[in-house]
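S.K.: Next one to model:
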Amino acid sequence: MDEEYDVIVLGTGLTECILSGLLSVEGKKVLHMDRNDYYGGDSASLNLTQLYRKFRPDQAPPTELGRDRDYAIDLVPKFIIASGELTKILVHTEVTRYLEFKQIAGSFVYRDGKISKVPSTEMEAVKSPLMGLFEKRRAKKFFEFLQNWKDEDPATHQGINLDRDSMKTVYEKFGLEPGTQDFIGHAMALYLDDDYITKPARPAYDRIILYTSSMARYGKSPYIYPLYGLGELPQSFARLSAIYGGTYMLDKPIDEIVTDSEGKFVGVRSGDETVKAKQVIGDPSYFGAGKELEGGKMRTVEEGKVVRAICLLKHPIPGTEDSDSCQIIIPQNQVNRRNDIYIAMVSSTHNVCAKDIYVAIVSTIVETDKPELEIAPGLNLLGPIYDKFVSISPIYTPTSSGKEDNIFITRSYDATSHFETVVEDVQEVFKRVTGNDLVLKKREVEVQS
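M.R.: Numbering: from 1, shown residues only. Purely as a prediction, here's the structure:
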C-alpha cells in the first residue's frame, strides 16, 4: 500500500461506486476500500443469513423460507425511473452489460382508504376511480397543457410562466381538486411533502414529464429494477472501475483519516499501513457520522431519520391486481402527516427471494418518537406479515464542500423511492472533485418483457 493514488474512495455504497467508476474512466488512479466484507454499504442486498444476522443475531432464518442463495433483500428500497438520470449513467458507462432489468408491474396510490392504480394511459385515466367525470376532463386539459408546452412558443403557455408562477397557480388555473393535486404531486412528481406547491412550477413540470415519459417507455409502470436486487448496482460500477485500473480492498478497517498541519487530506490509515492520495471521497460513516471528531470538527450533520420495515409476505399485496411487484404511495394528506409513506414490493420474479415469497419495504421520514407507529398505515395494507425487520437510519449531509481539505463526503440515502437524488449527489461530488460537470451520452436500456 505504499503507492500514491489520485483518489481514495471509502465505502462501496452505490454513490461511492458510481463515483469510483466514473473517476476511473476519467483516467484517475483510484483505490476503493470498505470495512465490510461485502459490496454495497447501506445500499447492499443481503441473503437470508445476512439479514437475520444484521437484525436478529441470535436467531437462525426459518427453514420454510427456503434456500439462503435465493435471497437478495435490499436494505434501502428504491426503483429506477426508466427515463431518469441513473438510467443515463448506466447506459453512458455501459454498466448495463453486467445487469438485467425487469419492469415493476404497477404504480399505485392510496386515497380515501383504498389503493388505486396511477393511470398510465388515456384509457386508464378514463376508467380511474381517482377522479369523477368532470375532474377527468379538467385533468386531461392539465396533462395536455404539460405535454404541449414549448418554452419557445408562448401560444402553448396559456398565460403561465413556469419559472415564476407557483404549482398552486397552475393547479388552480385548471381547477384541479385537492385529491387530484395529491396524486399528481406525490404519485407522479414523487414529492415527499407539499412544500413544492408554493414554489415555481418548473421542477414539478420536469418531474411529471419524467414520470409520463418513463411510463410511456415500457408500459405498466415508470420503474425498472435489476434482477438479483439493488446490490447488483454498486458491484457493477465496481467492475467498471476495475476494468479502468481501479483497486478494491474489502474487509479493511479504516482507522484514521490522516491530515496535515493545515487540516488537508494526506491519506488513510488501516492498522499499521497508511496509503496516500490527493483526495478522499466517502460515505458519512467514515467521517464521524454526525459526531464531533478530534479538535471539535463536525464533518457531517444529521438532517433527519428514515424508518424502514422490510416485510416478508406469502402473498401479493391485496388490491394491487396480484402484481408481482409494485410501488404504493400514501400521500401525507391522506394520513395527516408531513411526509409520504412509501411501499416498494418485489418478488421471486426479480430473483430476490424464494418462489411464493414477496418482499415489501415500507418507509417514511421519521416525524415523532414512535417511528414504527408512523408506518402503520403502510403495514396495514400488506395483509398478514410473515416476518418484519425494522431499521431507523439517520440521514447525514456533509458540513463543507470538501474543496478546502480535499475530503469529499457523500450524503446518506434519503426516503425517496427512486435514485434521482443519489445521482444529483454523484453529479455534485464529481464536479467538486474534478472541477468539471459530468457529461453523459444518450443510449437505450434493454428490459426483459
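
S.K.: buried residues in stretch 125-134?
M.R.: The neighbour-count check on stretch 125-134 (16 or more other Cβ atoms under 10 Å) flags 125, 128, 130, 131 as buried. No exception for glycine: its C-beta is placed from N, CA and C like everyone else's.

S.K.: now the end-to-end length of it.
M.R.: 12 Å (Cα to Cα, to the nearest Å).

S.K.: What ranges in the chain fall below the confidence cut-off?
M.R.: Within the chain, the segments meeting pLDDT under 70 span 1-2, 120-122, 290, 292-296, 441-446, 449.

S.K.: what residue of it is the furthest out?
M.R.: residue 261 (38.1 Å; Cα atoms, centre = their mean).

S.K.: ok so that one is a helix residue?
M.R.: No. Read with DSSP: H, G, I helix; E, B strand; the rest coil, residue 261 is coil and lies in no helix.

S.K.: what residues are up against the nearest residue to residue 334 once chain neighbours are set aside?
M.R.: Nearest non-adjacent residue to residue 334, counting by Cβ to Cβ, 6 or more residues apart in numbering: residue 110, 5.6 Å away. Counting by Cβ atoms under 8 Å, 6 or more residues apart in numbering, residue 110 touches 116, 328, 329, 330, 331, 334, 335, 377, 381.

S.K.: Please state the offset of stretch 384-395 from the chain centre?
M.R.: The chain centroid and the centroid of stretch 384-395 are separated by 17 Å, computed with Cα atoms, centre = their mean, to the nearest Å.

S.K.: go on, stretch 31-50?
M.R.: With Cα atoms, centre = their mean, you get 17 Å for stretch 31-50.

S.K.: Buried residues in that stretch, which are they?
M.R.: Across stretch 31-50, burial judged by 16+ other Cβ under 10 Å covers 31-35, 38-48, 50.

S.K.: Same question for stretch 4-23.
M.R.: 5-23.

S.K.: And for stretch 397-416?
M.R.: Here stretch 397-416 shows 397-398, 402, 405-416 as buried, counting by 16+ other Cβ under 10 Å.

S.K.: now swap in stretch 173-186 and tell me
M.R.: For stretch 173-186, the neighbour count (16+ other Cβ under 10 Å) marks 174, 176, 179, 180, 181, 182, 183, 184, 185, 186 as buried.

S.K.: Run through the residues that contact the fifth one.
M.R.: It refers to residue 181. Taking Cβ under 8 Å, 6+ apart as the test, what residue 181 contacts is 171, 197.

S.K.: That one sits in which helix or strand?
M.R.: helix 178-182 (DSSP states H and E).

S.K.: which phi and psi does residue 43 have?
M.R.: Torsion angles at residue 43 (phi, psi; degrees, to the nearest 10) stand at phi -110, psi 30.

S.K.: still on that earlier bit, tell me the two of the buried residues of stretch 397-416 that are most distant?
M.R.: 406 and 415 (30.4 Å; Cβ to Cβ).

S.K.: Which stretches in the stretch 301-449 of the chain count as helices?
M.R.: For the stretch 301-449 of the chain, applying DSSP state H, counting those that start in this stretch gives helices covering 371-374, 376-379, 420-434.

S.K.: Rebuild the ones you listed as TSV, extending it with mean neighbour count.
M.R.: Formatted as TSV, these follow (neighbours: other Cβ atoms under 10 Å):
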stretch	mean neighbour count
helix 371-374	16
helix 376-379	19
helix 420-434	19
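
S.K.: quick one: which of the ones you listed is nearest residue 269?
M.R.: Checking the helices of the stretch 301-449 of the chain against residue 269 by Cβ to Cβ gives helix 420-434 as the closest, at 21.5 Å.

S.K.: Which strands and helices lie in contact with the closest one?
M.R.: helix 14-25, helix 85-92, strand 273-282, strand 407-409 (3 or more Cβ pairs under 8 Å, 6 or more residues apart in numbering; DSSP states H and E).

S.K.: Put the alpha carbons of the second one into CSV.
M.R.: Just to be clear, that refers to helix 85-92. C-alpha atoms of helix 85-92 as CSV (Å, rounded to 0.1, in the frame of the first residue of the first chain):
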residue,chain,number,x,y,z
GLU,A,85,-30.6,10.1,-14.5
LEU,A,86,-29.4,6.8,-13.2
THR,A,87,-30.5,5.1,-16.4
LYS,A,88,-28.5,7.7,-18.4
ILE,A,89,-25.4,6.9,-16.3
LEU,A,90,-25.9,3.1,-16.6
VAL,A,91,-26.1,3.4,-20.4
HIS,A,92,-23.3,6.0,-20.8
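
S.K.: The following helix or strand past that helix packs against which elements?
M.R.: Moving toward the C-terminus from helix 85-92, the next helix or strand (DSSP H and E) is strand 101-103. With contacts taken as 3+ Cβ pairs under 8 Å, 6+ apart, strand 101-103 sits against strand 223-226.

S.K.: Check the offset of the very next helix or strand once past the strand it packs on from the chain's centre.
M.R.: Downstream of strand 223-226, the next assigned helix or strand under DSSP H and E is helix 232-243. Centre-to-centre, helix 232-243 and its host chain are 18 Å apart (Cα atoms, centre = their mean).

S.K.: Contacts made by helix 232-243 with the rest, please.
M.R.: Against helix 232-243 from outside (Cβ under 8 Å, 6+ apart): 12-14, 16-18, 20-21, 23-25, 30, 32, 39-41, 43-45, 72, 93-95, 98-99, 226, 246, 248.

S.K.: ok, 7 Å please
M.R.: 12-14, 17-18, 20-21, 24-25, 30, 32, 39-40, 43, 93, 95, 98-99, 226, 248 (Cβ atoms under 7 Å, 6 or more residues apart in numbering).

S.K.: Could you give me the buried positions within that helix?
M.R.: By 16+ other Cβ under 10 Å, the buried positions in helix 232-243 come out as 232, 233, 234, 235, 236, 237, 238, 239, 240, 241, 242.

S.K.: Just the closest of those to residue 193, please.
M.R.: Closest to residue 193, out of all of the buried residues of helix 232-243 and judged by Cβ to Cβ, is residue 233, at 26.8 Å.

S.K.: can I assume residue 246 is in contact with residue 24?
M.R.: Yes. In this structure, residue 246 is within contact of residue 24 by Cβ atoms under 7 Å, at 4.3 Å.

S.K.: residues shared between the contacts of those two?
M.R.: residue 30.

S.K.: Please render the helices of the stretch 301-449 of the chain as CSV that adds distance to residue 161 to the earlier fields.
M.R.: Listed next are the helices of the stretch 301-449 of the chain as CSV, based on distance: least, Cβ to Cβ, whole Å:
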stretch, distance to residue 161
helix 371-374, 38
helix 376-379, 37
helix 420-434, 25
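
S.K.: which stretch among the ones you listed comes nearest residue 152?
M.R.: helix 420-434 (26.2 Å).

S.K.: Any idea what residue 312 is bridged to?
M.R.: residue 359, residue 387 (DSSP bridges).

S.K.: Next, work out how far apart it and residue 357 are.
M.R.: Using Cβ to Cβ, to the nearest Å, residue 312 is found at 6 Å from residue 357.

S.K.: These two - which one has more neighbours?
M.R.: The neighbour count for residue 312 versus residue 357, taken as other Cβ atoms under 10 Å, is higher for residue 312 (22 against 19).
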